[in-house]
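Trainee: what shape does this take:
(chains A and B)
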Amino acid sequence: MIVIKKNLLEKIEAEAEKSYPFECCGMIFGSIEENKKLAHSIRSVENNFGGEEYHRFLITAEDMMRGELYARQNGLDMIGFYHSHPDHPAIPSEYDREHALPVYSYLITSVKDGKADITASYELSDNKFTAEGISAV
Amino acid sequence: MIKVLIPTTLRSFTDQNSELLLEGATVREVIAALADEYPNTKKAIFDENGVPRPFVNIFVGENNIKKLNGYDTALKDGDTVMLIPAIAGGAPEKSLISEERAEKLTNDEIMRYSRHLLLKEIGVKGQKKLKAAKVLIVGLGGLGTPLAQYLAAVGVGTLGLIDFDEVDSSNLQRQVIHGTRDVGRPKVASAKDSIKQINPLVKVETYNTMLTAENALEIIEQYDVVADASDNYKTRYLVNDACVLLGKPDVFGAMYQFEGQTSVYYAKEGPCYRCMYPAPPPAGLVPSCAEGGVIGVLPGIIGTIQANEVIKLIVGGGESLIGRLMVLDAWKMRFRELKIDKDPDCPICGKHKTITELEEYDYEEFCGIKKQQEEEAPVESITAKELHRRLVAGEEITIVDVREPHERAIVKFPNAKVIPIGQLARRQNELNPDIDTVFICKEGKRSILAVNTLREAGYKGPMYNLKDGINTWARDVDKTMPQY
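Mentor: Predicted coordinates for the structure are as follows:
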């Protein structure tokens, strides 16, 4: 379960719409308490996939490093990532699963014809994605 | 001491510690120290052969060790080492055919398509989608041949064939879907017969007509994907525009002499043909295969690549040619790949669309066809029969052959002066302005260009174009001469 403020969710959705028809992506910072992640802030990252941004995203190691530093300077942890699925449901793809890491939350926002539709969150466990609840506060 | 920062995803290996203080003079030593203290971290960072996993990057301060000295990067007291995972993902591969539309396979089909079913990327799921799919092939010439043959063989359920033309014997050098006895038949009829031979399970719809702004939407609407195997700019823009408006992919192929091009124009997911080519070249500047020739196997290669892209769009998966243009030089046998970007100002798929329907758009004017006709109107033509009559009557007429040397090797025109178009202006004093000059080429197009060129250069003598070229001379005057 990830607890996230409504305005952060709205920011993610707005970014997903703005990037349409390409995918947007970014990092989520916060803290982890037992089985619950608390989102504190997000940071948009340029999609660096190079050529297939309409259905792929890539956060470079440099961006990740800066994200880690930012988190530590602010007493936070990197707790997950968000990305959009233009004209595709908010369900993780095989490609998402192959590239996913445990612990992190993976928020996916589906965008239909330019409008943000559904946002869902997933977590990797036993090499499988399982849906986790989003608690918007 | 070296500070090692552990990202959240790896903390299950470090007892939830996010920072560790370790000893080591190099990155390698620090990682070894980490593995000593927390043996499981070794599994996370290295594979079973001890090779670092590609998704883990190591930074010293703000520098990736790949840009430093790798694992031998030296460390000094107080340095920070960070383990950084790479993050990627994205939407699933999309198929044009939904699961609901997929059609069940019969036992005969399971046998016939066995080699597809053995591929996990296609499998029963993909084959069922192929069976449900409807593909329109625009043009049943060189590129349309392999498209129709392979898409029929692999079990695309419905193939639409559109071509207004009839089979000519000069087509047989490359359009192997048509045979010698098909000469004179409509291409769509001949192609349909061949398809039925290859795979009788395929439904074939034929349209023995030209694709126009009036009928394009109505026809294309019925299909999932269009393969553009046409040979002219007007049709290419028309197919593209109809596909963009209907939200369908346009699997494109084109070729000339030894060069072939192929791409997938799909505005929903990438650029369209207009993003790549906002406007066609001036009419007449780029010769067609009928004028410039084409090596016989080239359409086989390019059309087969198109068929491959059609299959991937239907099955879903793989890497599509969306946003990429493949260019083949068959003489040097080299493939090149160009990246194509979506044009935000594209008039049909950009942010401010100016083309919203086909019928109001003047394709002839856009492709310079009207302009060319208007400009060419003043050039006077003479028929082969008339020229023959005047020559027999003993009139003094200069005949200028503007064809390429290798074309003259096919057939020479009797008593013709040879001047390439590029030299006409410079050599105009070789012509007698007091008598008529007749220009000849293969089809009567380049001869018009020759007349216009000389006129612009100031030549004042009377000039004529041999109507429809040397081939009509062979047809109407000297039947012993070959046509090509």
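Trainee: give me the neighbour count for the closest residue to chain A within the stretch 151-300 of chain B.
Mentor: Proximity of the stretch 151-300 of chain B to chain A (CB to the nearest CB) peaks at residue B:269, 4.8 Å away. No exception for glycine: its C-beta is placed from N, CA and C like everyone else's. Per other CB atoms under 10 Å in any protein chain shown, the neighbour tally for residue B:269 reads 22.
Trainee: ok, now residue B:262?
Mentor: 25.
Trainee: which residue is nearest the middle of chain B?
Mentor: Chain B has residue B:262 as the residue nearest its centroid, 2.2 Å off, counting by CA atoms, centre = their mean.
Trainee: show me what contacts that residue?
Mentor: Residues near residue B:262 by CB atoms under 8 Å, 6 or more residues apart in numbering or on different chains: B:251, B:252, B:253, B:254, B:302, B:305, B:306, B:309, B:321, B:325, B:326.
Trainee: residue A:124 now?
Mentor: Counted by CB under 8 Å, 6+ apart, residue A:124 has contacts A:97, A:100, A:101, A:102, A:103, A:104, A:106, A:130.
Trainee: give me the beta-bridge partners of it?
Mentor: residue A:129 (DSSP bridges).
Trainee: what distance do you get for it to residue B:227?
Mentor: Look at residue A:124 and residue B:227: by CB to CB, to the nearest Å, they are 40 Å apart.
Trainee: go on, residue B:63?
Mentor: The value you get for residue B:63 to residue B:227, if CB to CB is used, is 50 Å.
Trainee: between these two, tell me which one has more neighbours.
Mentor: Applying other CB under 10 Å to residue B:63 and residue B:227 shows that residue B:227 carries more neighbours, namely 30 against 13.
Trainee: identify the residues contacting the more buried one.
Mentor: Contacts of residue B:227 by CB under 8 Å, 6+ apart are B:135-138, B:143-144, B:147, B:151, B:251, B:253, B:306-307, B:310.
Trainee: same question for residue B:166.
Mentor: Applying CB under 8 Å, 6+ apart, we find residue B:166 in contact with B:184, B:185, B:186, B:187.
Trainee: among those, who's most crowded?
Mentor: Neighbour tally across the contacts of residue B:166 (other CB under 10 Å): the maximum, 27 neighbours, falls on residue B:187.
Trainee: that's a strand at residue B:116, yeah?
Mentor: No. Read with DSSP: H, G, I helix; E, B strand; the rest coil, residue B:116 is helix and lies in no strand.
Trainee: which one is it nearest to, not counting chain neighbours?
Mentor: Distances taken as CB to CB, 6 or more residues apart in numbering or on different chains place residue B:122 nearest to residue B:116, at 4.7 Å, with adjacent residues excluded.
Trainee: contacting residues for the one you found?
Mentor: Taking CB under 8 Å, 6+ apart, one finds B:116, B:130, B:311, B:315 in contact with residue B:122.
Trainee: what about residue B:66, neighbour count?
Mentor: Neighbours around residue B:66, by other CB under 10 Å: 12.
Trainee: host element of it?
Mentor: Following DSSP states H and E, one finds residue B:66 outside all helices and strands.
Trainee: of all the contacts of residue B:122, which comes closest to residue B:472?
Mentor: residue B:311 (43.6 Å; CB to CB).
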